[in-house]
Each structure stands twice: as C-alpha cells, then as structure tokens.
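*Asks:* Make a model of this:
(one chain, ligands or ions: 1)
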Amino acid sequence: MFYLQPSWHLGRWCVQKPATRKERPMKIYCCKCRREVDAHLVSGMTTNTRRPEYWGRKYYQCPHCLNYCLAQKFGNEWRPMASIAAPALRAERQRLHDLFDPVWKNDPNPTESRKGWYRYITIGMNRKPEDQFHFGFLRSFSECKRAESLIKRIYKKQGLKFPKRVI
Ligand SMILES: [Zn+2]
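*Replies:* This next block holds a predicted model:
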C-alpha cells in the first residue's frame, strides 16, 4: 500500500511506502558526505519521481545529501548494492564497468575470467584478495582513476585496443 506522506528526510510530500519495522535505517558509506550515514530504504518513487519504470525498485538514500544506491533483496534483508554516491561518481563507475566488460565477455570461460580479473583489480587497488572488488565500491574519482589504469593494463595483457575517451 502506498501513501502520500510528508517525508522528513526529503523535506517535502511524496508518495511512498511507509517504512516497516524491518526496514530500519542501515549504515552505509556515503561518498558525498564522506562518512557512514543512516541510510533509509525508499522506493523508486522517491528517488526517481519522474521515472515510473524505476518505481518498483528500492534504494538506500542518504538523509543528508539525498543521494542513493540500489538495494536488492536477499532473503528477508535489503542489501545495498554499492556505497551511496552522487550522479557524477555513479556515471564514472558505470563507464568503468562498461570498459571492463569486454575483457571477460569474449573469454571461452567468462565466469572464471571475470573472477580472475576482479581479483587482479582488487590486489592492484591494495586490498586483500578476499575483499572482492566491485565497481560500486569505488568511493572517489581518484579511486576510479586507479581502477581505470588497471583496466588499461588488462587490455594490454589481453592484446585488446583500449578505446579512446569520447568527450
Ligand atoms: Zn550523503
């Protein structure tokens, strides 16, 4: 059931599903606020008011800067799929993700190949191999730059041509 209700963290009225007891705020790192925040589970109606195609999805939203990340359900729990980031950083993550895809998709064993290259980036980012890297974890543009240079190295190893940046 959906209600039109005042949203304290948005400072305006909006249509949303009221938070249930299970949907408590979750501590998530916000790249914009540069700290862990109590993020709220909201529906796509709140984050993408003008995009009905996203209304069925759920997001964790930072109550301070109102940026958000996608949430996905695992059992009874809604888990954040990334750290919270502003649109520019989200776009950069997406660009790197798209850049990364060709290096494993053409491999005869794509699943293993992707795992291996993710591991390569994890180690290259000075993280422990068990901290599995994901593009949603990139917290800043300097981290994105580091990841891009690693992807560039993978292209070289694979004998692929690194695409020129389109501006
Ligand atoms: Zn924030």
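
*Asks:* going forward, measure contacts and count neighbours with C-alpha atoms only.
*Replies:* Fine.

*Asks:* Run a quick neighbour tally on the nearest residue to Phe135 once chain neighbours are set aside.
*Replies:* Leaving aside its chain neighbours, Phe135 sits nearest to Arg93 (5.8 Å; criterion: CA to CA, 6 or more residues apart in numbering). Using other CA atoms under 10 Å, Arg93 has 24 other residues around it.

*Asks:* same check, this time on Cys30
*Replies:* When counting by other CA under 10 Å, one arrives at 26 neighbours for Cys30.

*Asks:* which ones are touching it?
*Replies:* By CA atoms under 8 Å, 6 or more residues apart in numbering, Cys30 lies in contact with Glu36, Val37, Cys62, Ser83, Ile84, Ala85.

*Asks:* which residues of the chain fall in helices?
*Replies:* Along the chain, counting by DSSP state H, helices occupy 44-47, 87-105, 110-124, 141-158.

*Asks:* quick one on the thing from earlier: and the contacts of Cys30, which of them are in strands?
*Replies:* Glu36, Val37 (DSSP state E).

*Asks:* how much space between Leu70 and Arg93?
*Replies:* Using CA to CA, to the nearest Å, one gets 14 Å for the distance from Leu70 to Arg93.

*Asks:* can you list the domains in this structure?
*Replies:* 3-80, 87-158 (automatic domain parsing).

*Asks:* Endpoints of the last one, how far apart?
*Replies:* Put plainly, it is domain 87-158. 31 Å.

*Asks:* list the buried ones in stretch 72-91?
*Replies:* The neighbour-count check on stretch 72-91 (16 or more other CA atoms under 10 Å) flags Trp78, Arg79, Pro80, Met81, Ala82, Ser83, Ile84, Ala85, Ala86, Leu89, Arg90 as buried.
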